[in-house]
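Q: structure of the sequence below:
(one chain, ligands or ions: 1)
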Amino acid sequence: MTMRLEVLTKNLHMSNIGSYNERIKDFDWSIAEKELDYQPGQVINIGWYCSDRICRMGKADKQALIWEGSTGAEKRYTYDDIRRLSDSIGQYLRDLGIQPEDRVCLFMDKVPELYIGFLGILKIGAIAQPLFSAFGDESLLVRLENAQTKVIITQKKHAPKVRKILAQLPWLKYMIIVDQEPGKPLQEREVAMNMEELPAAETFQIYPTKAESPSVLHYTSGTTGQPKGVKHVHYSLISQYLTAKWVLDLRDDDIYWCTADPGWVTGTSYGIIGAFSNGVTQCVLDSGFSAESWYRFIGKHRITMWYSAPTAIRSLMKAGDEIVKKFDLSSLRHLASVGEPLNSEAVIWSEKVFGKPFLDTYWQTETGSIMISNYPGMKIKPGSMGKPFPGITATVIDPEKYEPFAEPGKIGLIAIRPGWPSMMRMYWNNEETYNNKFRNGWYLPGDRSSIDSEGYFWFVGRDDDVINTGGHLVSPFEVESALLEHPAVAESAVVSKPDFVNMEVVKAYVTLKPGFIPGKDLDLDIMNFVRKKLSPLAMPQEIEFIDALPKTRSGKIMRRILHAREWGEEIGDTSTLEND
Ligand code: WT7
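A: Residues are numbered from 1 along each chain as shown. Just a heads-up that it's a prediction; the model follows:
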């Protein structure tokens, strides 16, 4: 109990949000509109808000982006640099014939071209489609096919994955390579673009996007079917700006580090839009994880605000408390987390070693910005996701009646009243799946939770079979489909299994075709097969060969039974089981 009290008191400092209880009274999104000088009906362009506007506010020479690569190389860009370079990229894309609303995919590691290119795409009214650079050719193909993407911007190390599927992508006009050595021959449809050497686009005009003009297309995995493209619009800025200000508490003198990759929504909503529209200096570390390198990075750049994920925090916990003492982390002022359940141990541990608790925030690709959260200054209950952001009406509903429960403590479905600025506008070409996300006027994110008597949300789990491994959603369907393409696999069922660091990892149950014998070599071969096709995240950490999969009488694989087996849970009703 003493530890919990400590968490409560340390969080009580002056903050942008001030008093949560005051802010929720009479809240209106026009607060953000006014701060951004935006009048309804006028032009609103995220690219402009993230660069030109900050320059106009007298911060042209302020550092916008400090980038560090895996070899320790550093690059720095001021707000004027990102304004100028995003104009040049926008002009370059226009000269290639890219029109407003064309999809332009960003398929890169966390290099500066990714951050600045994102703004350039938005400045010409085109739609930015970021994809995680570790994706294999199959993951890439379904997403580029679905979006009918016109251009992909990538690095030479990722180009072979695109070349492999080029023949299947008739809409893809160009592959732009940002780090091609001069004079090196290019192949069909390939062009080289060196951002630093692009001509100045002095007469460049930003395309006059409006509130409902499409901006970003992020792909997210579901239980069945192919990944869904979540369509956002320029008006999302209103939510992203204000949540970054009130939850992440971004201030003019902050040095901010969002550890997420812009291939995922946290990396764009808060790793680009929220950060730059608030005019802070942000740092990017473009290399793999290690406790040592992360602490060194914080110490070197004097990071003040750190937005990360439970998996990373648990990895740091695993690395121990001693290593923390080797670094000067005294600059840290405020910490927040997103992506998966943040266990109370992690909150209490961070309070102990960093002197500050990680504040849990809950949202998803579809919501575009933080929905439920802990706030600076508000009492924290470690293990709880906190309360709805001002202006967000969120509750937990009875999964049968689709009505909120009358009393606290009941577990049901999280439900949010639609209408906040950064809500997705559609799943790309998939109106039916989009409509299925609503019941009784509520948007259902697909998660289960309870609410306590003080209005705090306590996450319980997802309401579908989607696996959340280290904060990344993996569709069992996609992994099963990839497995079936392996010559040895007859059938497969993919479920999650518990893991200390990643919370859940992918496990595959596999039946083999005649003539194939289970064994370590086959195991590794199948794992690698999935890793290359999909991504390292989707790769099964364990493959179990079995004689037959549990199925319903109608032939549907019952993942539920295999899931229960992994988690040591009750199996429940098996009356529809075929082989019982
Ligand atoms: C799903 C969304 C938006 C951040 C990156 C993930 C789970 C997210 C929490 C949290 C427990 C969480 C939910 C959600 N999730 N935040 N604080 N506690 N679970 O975006 O890939 O769209 O995943 O991640 O299940 O629906 P995403």
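Q: how many neighbours does residue 178 have?
A: 21 (other CB atoms under 10 Å). (Glycine included, C-beta is placed from N, CA and C.)
Q: for the longest helix belonging to the chain, which positions count as buried?
A: Longest helix in the chain, counting residues (DSSP state H): helix 79-95. Within helix 79-95, the residues scored as buried using 16 or more other CB atoms under 10 Å are 79-94.
Q: ok, stretch 466-477 next?
A: 466, 467, 468, 469, 470, 471, 472, 473, 474, 475, 476, 477.
Q: returning to what we had before: now for the buried residues of helix 79-95: which two are most distant?
A: When CB to CB is used, the two most widely separated members of the buried residues of helix 79-95 are 79 and 94, lying 22.4 Å apart.
Q: ok, back up a step: which residues does the helix or strand following the longest helix of the chain contact?
A: The helix or strand immediately downstream of helix 79-95 is strand 103-107, counting by DSSP states H and E. Residues outside strand 103-107 that contact it (CB atoms under 8 Å, 6 or more residues apart in numbering): 93, 98, 114, 117-118, 121, 126-131, 133, 135, 140, 143-144, 147-154, 158, 162, 217, 262.
Q: can you name the next helix or strand after strand 103-107?
A: Counting by DSSP H and E, what follows strand 103-107 is helix 112-123.
Q: by contact count, what packs against the following helix or strand past that next one?
A: Sequence order places strand 127-130 as the next helix or strand after helix 112-123, per DSSP H and E. For strand 127-130, the elements it packs on are strand 103-107, helix 112-123, strand 214-220, helix 265-268, judged by 3 or more CB pairs under 8 Å, 6 or more residues apart in numbering; DSSP states H and E.
Q: how far does the first one sit from its chain's centre?
A: Right, the one you point to is strand 103-107. 16 Å (CA atoms, centre = their mean, to the nearest Å).
Q: now the shortest one
A: Counting by CA atoms, centre = their mean, helix 265-268 is centred 5 Å from the centre of its parent chain.
Q: check whether the helix or strand following that helix comes near the ligand.
A: Remark: after helix 265-268, the chain's next helix or strand is helix 274-277, criterion DSSP H and E. No - using CB under 6 Å from any ligand atom, helix 274-277 never reaches the ligand; the gap is at least 12.1 Å.
Q: give the rounded mean pLDDT of helix 274-277.
A: Per-region confidence: helix 274-277 scores 98 on mean pLDDT.
Q: next SSE downstream of it?
A: Following helix 274-277 in sequence order, the next helix or strand is strand 281-286 (DSSP H and E).
Q: please list the residues of the stretch 451-580 of the chain that sit near the ligand.
A: So the stretch 451-580 of the chain meets the ligand at 459, 462, 468, 471, 473 (CB under 6 Å from any ligand atom).
Q: now with 8 Å?
A: 459, 461, 462, 466, 468, 471, 472, 473 (CB under 8 Å from any ligand atom).
Q: and what of the stretch 101-250 of the chain?
A: Residues of the stretch 101-250 of the chain lying near the ligand (CB under 8 Å from any ligand atom): 218, 220, 221, 230.
Q: just among those, which is most surrounded?
A: residue 218 (27 neighbours).
Q: surely that residue is in contact with residue 236?
A: No - between residue 218 and residue 236 there is no contact under CB atoms under 8 Å: 11.1 Å.
Q: the stretch 301-450 of the chain: helices as residue ranges?
A: 310-319, 344-354, 431-435 (DSSP state H, counting those that start in this stretch).
Q: so which of those is nearest the ligand?
A: Judged by CB to the nearest ligand atom, the one of these that comes nearest to the ligand is helix 310-319, at 7.7 Å.
Q: could you say what helices and strands the closest one packs with?
A: Against helix 310-319 (3+ CB pairs under 8 Å, 6+ apart) you get helix 291-301, helix 344-354, strand 503-512.
Q: okay, now the unreliable bits of the stretch 1-150 of the chain?
A: For the stretch 1-150 of the chain, applying pLDDT under 70 flags the ranges 1-13.
Q: same thing with the chain?
A: If you take pLDDT under 70 as the line, the chain has these spans: 1-13, 573-580.
Q: OK, contacts around the residue of it positioned farthest from its centre?
A: Farthest-out residue of the chain from its mean C-alpha position, per CA atoms, centre = their mean: residue 515, at 42.1 Å. Not one residue lies near residue 515 by CB under 8 Å, 6+ apart.
Q: this completes my enquiry, with thanks.
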